[in-house]
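Colleague: no sequence for this one, just the structure:
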């Protein structure tokens, strides 16, 4: 089929959809560092993690060896509700840019949660249900992950408690309402419901919350209520495993038409989309079979890859979670209040952090007005209003396509379009009104978080 | 392929997509009544309509004979950006209902305008551009049509002026922002920008506007600015022609798997989606080739089919438009303020009105709390948060599937899922909070509009 005209959208048939997730850790020479107990600084065992996560997910979290993990039939059934997602050939964008580059994007926004998050939400909810649990707890910032988890739990009949960063809860009442429509309880964080929430509120009475703080509350509730476990939408190894479905579908679709990407671009917050998108390509690179240029794009206002430290740090503000070794700005880091572009987490997936550290990928940061400019251009050209997060990748994909125009190279550029911007219109309004600003943290500002990292393990 | 397992989602290939729109009027024995001039009560000619609509669209409006109208290559290219839309086999819904019925829905919400409206918006914008016009004007209520038109105009580089019903403009700032992101100007209606707006404001100083009133303003602006024409997202014959792409894709997909629908269900406001969805099936019915049960579903609070009169009436409140013969509640009818379910137009497509009058289809009305109950059930089961409009069809499809459960019949039920509910969360919030109410107009209330119809032509 290699010479056939490539359609605007490549949809795999149900038979072509992946039957296994791909675990990139199996091909990593240097494995990601283990989670450690912040008290003992010793690696967390499955038994240590059991009060927090459900058993099967712990096994996936700790398994650095199994290359292919079968996707359970029930999860594949749910995937068929909204997958395969299209791999889009951006003919309109190419034409508007006048570039010889061939641009492809894997669009994960055509489901009600509005993003790729659903790929891992259904997996995590499924294993919780299978273990006979009553429900799960989680945090959400912008709301994509909380919505995805609510949808998965509604489908399986599982209780779902979401701690939503207070500023988002107040600014995004519609996100809250979608979650309620899916039967989830949504609590603004920090709340008076948890010890950690009360402590944070006592110390910072006017706080509007942070992702790290909402994580602390959700973990506390999971560990103190029988029949509940905590689930997380990014950062963890298990999440990257589930999200590999994005990259696997992308690769199957490209292979079908004989297309080999030169550059693969993804936005990076905690790493769930980027890790999923690049995984099978990174696997080939790790095994020395093929080389790809892989670029992580992060906001200049939350630059963990490009300005963070590769060190053990807390994933949460309340400092009740295990430590993870990752590129981090410090668990206390909160992006400037004018930051509207998402990708606000202070850390980064340990898998991606290790790969970046070992030179298998690049990272770059972009400022938000340039990101929204690219978003608007893309919306008008390709007809999809992108999420601010996804627009980071759009910005760099457009920049690379423009370089191709200069050099005359017909490179194949693939990027991840993680989701839609329907719930981000306050930010679009700022951009449309010309009131959006950029704000890059100074070295002094970053030093506050970077100098407050916890004691490091000796191994 | 008739015996192959039917996938969750049937996507046509680009080659399978329709190359012609289907004009159901060609197969109607009794043609829809012509538009008439409200002053002379004589049929409007192409010359009469030329100041309002662009020429090619007038030709399509008046053409009751051409069965197949080629879809221009440029429009087909745009269609490929977001079409084909999936025909979904609702396996999850069937299982949850425990029904032997086979349920299918044609999902038109996977584009940024969030509905099927884009199918006609791009066609109307294309012909305006082809005629060398500078721009188009329109009205929008909930905002789906305005968004669709903004997207089409941005793509073609055409100016777009949207008059948005004031209450929606204020309650749906995000809809307004999407349109602005696509470069449209959006004015709350009634406004002081037009003579008709100033007149309405003088007579009703506190009015929050209506669709009929916004139409009047948009038509005035189009006819008083050189290089502009007016476009409308529903009701008109040309719109049903463009929307036939929905039904054609549906039929191609069903034929591919040897599935013959027993019941076809669509929500009905002005008739754009219903008319498009049923067109090729109605064609077979009109030609006596096959019989289908076809059901229009409308809100009990705006029941034009089920409680209106089949008569000539104005399409707009300002009474500056031609008269159309249709099922109508009177141009002055405004649904009760507690109505949140959409489909608020006082009239109905003349094509559908004639077909209903001649007994080719049924109509039923449903109350909004029952509609939202069905919507929530659907969201949790099929993973798509539906628009309130679409949920009218969901409600009746579920009712029919339940009847099949009682009788044990494995009927094929097809319905139109016109769009998503991302911008309707104020209504979902009312439903979630238990504050949503029903309100069916009394006969006395309806009599006000029905007794104020304009003088009728003698033919």
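Modeller: Structure's in. What do you need? What you see is a predicted model; the values in this text were computed from it and never measured. Numbers count the residues shown, from 1 in each chain, chains lettered A, B, ... in the order given.

Colleague: burial check on residue A:364, number of neighbours?
Modeller: 18 (other C-beta atoms under 10 Å in any protein chain shown). C-beta here means a position set from N, CA and C on the backbone, and glycine is covered the same way.

Colleague: got phi/psi on the closest residue to residue A:363 other than its chain neighbours?
Modeller: The spatially closest residue to residue A:363, leaving aside those adjacent along the chain, is residue A:305, at 3.6 Å (C-beta to C-beta, 6 or more residues apart in numbering or on different chains). The phi/psi pair for residue A:305 (degrees, to the nearest 10) reads phi -60, psi -50.

Colleague: residue A:305 contacts residue A:327, correct?
Modeller: Yes. Proximity of residue A:305 to residue A:327 meets the contact threshold set by C-beta atoms under 8 Å, at 5.2 Å.

Colleague: just to revisit the earlier point, who's in contact with the residue nearest to residue A:363?
Modeller: A:268, A:296, A:298, A:327, A:348, A:353, A:356, A:363, A:365 (C-beta atoms under 8 Å, 6 or more residues apart in numbering or on different chains).

Colleague: neighbour count and pLDDT for those - can I get that in CSV?
Modeller: Formatted as CSV, the entries for the contacts of residue A:305 read as follows, by neighbours: other C-beta atoms under 10 Å in any protein chain shown; pLDDT from 0 to 100:
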residue, neighbour count, pLDDT
A:268, 33, 97
A:296, 29, 98
A:298, 27, 97
A:327, 29, 98
A:348, 29, 97
A:353, 25, 98
A:356, 24, 98
A:363, 21, 98
A:365, 20, 98
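
Colleague: what's the overlap in contacts for residue A:305 and residue A:327?
Modeller: The overlap between the contact sets of residue A:305 and residue A:327 (C-beta under 8 Å, 6+ apart) consists of A:348, A:353, A:356.

Colleague: read off the pLDDT value for residue A:320.
Modeller: pLDDT, residue A:320: 82.

Colleague: write out the residues of the stretch 301-450 of chain A neighbouring chain B.
Modeller: Proximity of the stretch 301-450 of chain A to chain B, by C-beta under 8 Å from any C-beta of the partner chain, involves residues A:376, A:379-385, A:420, A:422-423, A:425, A:428-429, A:432.

Colleague: wait, which of the shared contacts of residue A:305 and residue A:327 is closest to residue B:228?
Modeller: Distances from residue B:228 to those, taken as C-beta to C-beta, are shortest for residue A:348 (51.7 Å).

Colleague: next one: that closest one from residue B:5, what distance?
Modeller: Counting by C-beta to C-beta, to the nearest Å, the separation of residue A:348 from residue B:5 is 42 Å.

Colleague: if we can go back for a sec, in helices, which of the residues of the stretch 301-450 of chain A next to chain B appear?
Modeller: Assignment to helices by DSSP state H places the following of those there: A:376, A:379-382, A:425, A:428-429, A:432.

Colleague: check the contacts of residue A:305 and tell me the two furthest apart.
Modeller: Taking C-beta to C-beta, the two most distant members of the contacts of residue A:305 are A:353 and A:365; they sit 15.6 Å apart.

Colleague: for chain A, which spans come out with low pLDDT?
Modeller: Applying pLDDT under 70 to chain A flags residues A:1-4.

Colleague: tell me how it divides into domains.
Modeller: A:3-20+A:82-114+A:237-450, A:21-68+A:117-230 (automatic domain parsing).

Colleague: which of these sits closest to residue B:321?
Modeller: Residue B:321 sits nearest to domain A:3-20+A:82-114+A:237-450 of all the domains of chain A, at 30.3 Å, using C-beta to C-beta.

Colleague: okay if I get the contacts of residue A:305 as CSV plus secondary structure?
Modeller: As requested, the contacts of residue A:305 are arranged in CSV below (DSSP: H, G, I helix; E, B strand; the rest coil):
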residue, secondary structure
A:268, coil
A:296, strand
A:298, strand
A:327, strand
A:348, coil
A:353, helix
A:356, helix
A:363, strand
A:365, strand
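
Colleague: closest one of these to residue B:283?
Modeller: Nearest to residue B:283 among the contacts of residue A:305: residue A:268, at 51.9 Å, using C-beta to C-beta.

Colleague: is it true that that closest one touches residue A:298?
Modeller: Yes. Here residue A:268 lies in contact with residue A:298, judged by C-beta under 8 Å, at a distance of 5.0 Å.

Colleague: mind listing the shared neighbours of the two?
Modeller: Counting by C-beta under 8 Å, 6+ apart, the common neighbours of residue A:268 and residue A:298 are A:305, A:343, A:363, A:392.

Colleague: between those, which sits nearest chain B?
Modeller: Nearest to chain B among the shared contacts of residue A:268 and residue A:298 is residue A:392, at 17.3 Å by C-beta to the nearest C-beta.

Colleague: contact partners for residue A:356?
Modeller: By C-beta under 8 Å, 6+ apart, the contact list for residue A:356 reads A:296, A:305, A:327, A:348, A:363.

Colleague: so the first one makes contact with residue A:360?
Modeller: Meaning residue A:296. No. Taking contacts as C-beta under 8 Å, residue A:296 lies outside contact range of residue A:360: 10.8 Å.

Colleague: where along the stretch 201-350 of chain A do the helices fall?
Modeller: A:211-224, A:237-256, A:272-286, A:304-307, A:350-357 (DSSP state H, counting those that start in this stretch).

Colleague: flag every buried residue along the second one.
Modeller: By that I understand helix A:237-256. Along helix A:237-256, these residues count as buried under the neighbour rule (16 or more other C-beta atoms under 10 Å in any protein chain shown): A:237-254, A:256.

Colleague: three-state assignment of residue A:415?
Modeller: Here residue A:415 is recorded as strand under three-state DSSP.

Colleague: and it, what does it touch?
Modeller: For residue A:415, the contacting residues are A:103-106, A:264-266, A:393-394, A:396-397, by C-beta under 8 Å, 6+ apart.

Colleague: let's go with 7 Å and repeat that
Modeller: By C-beta atoms under 7 Å, 6 or more residues apart in numbering or on different chains, the contact set of residue A:415 is A:105, A:265-266, A:393-394, A:397.

Colleague: same check on residue A:174?
Modeller: Here residue A:174 is in contact with A:423, B:425 (C-beta under 7 Å, 6+ apart).

Colleague: how far does the helix or strand encompassing it sit from its chain's centre?
Modeller: Using DSSP states H and E, residue A:174 falls within helix A:173-181. Its chain's average C-alpha position is 21 Å from that of helix A:173-181, according to C-alpha atoms, centre = their mean, to the nearest Å.

Colleague: return the member of the contacts of residue A:356 nearest to residue B:64.
Modeller: residue A:296 (58.7 Å).

Colleague: against chain B, how distant is that closest one?
Modeller: Going from residue A:296 to chain B by C-beta to the nearest C-beta, to the nearest Å gives 26 Å.
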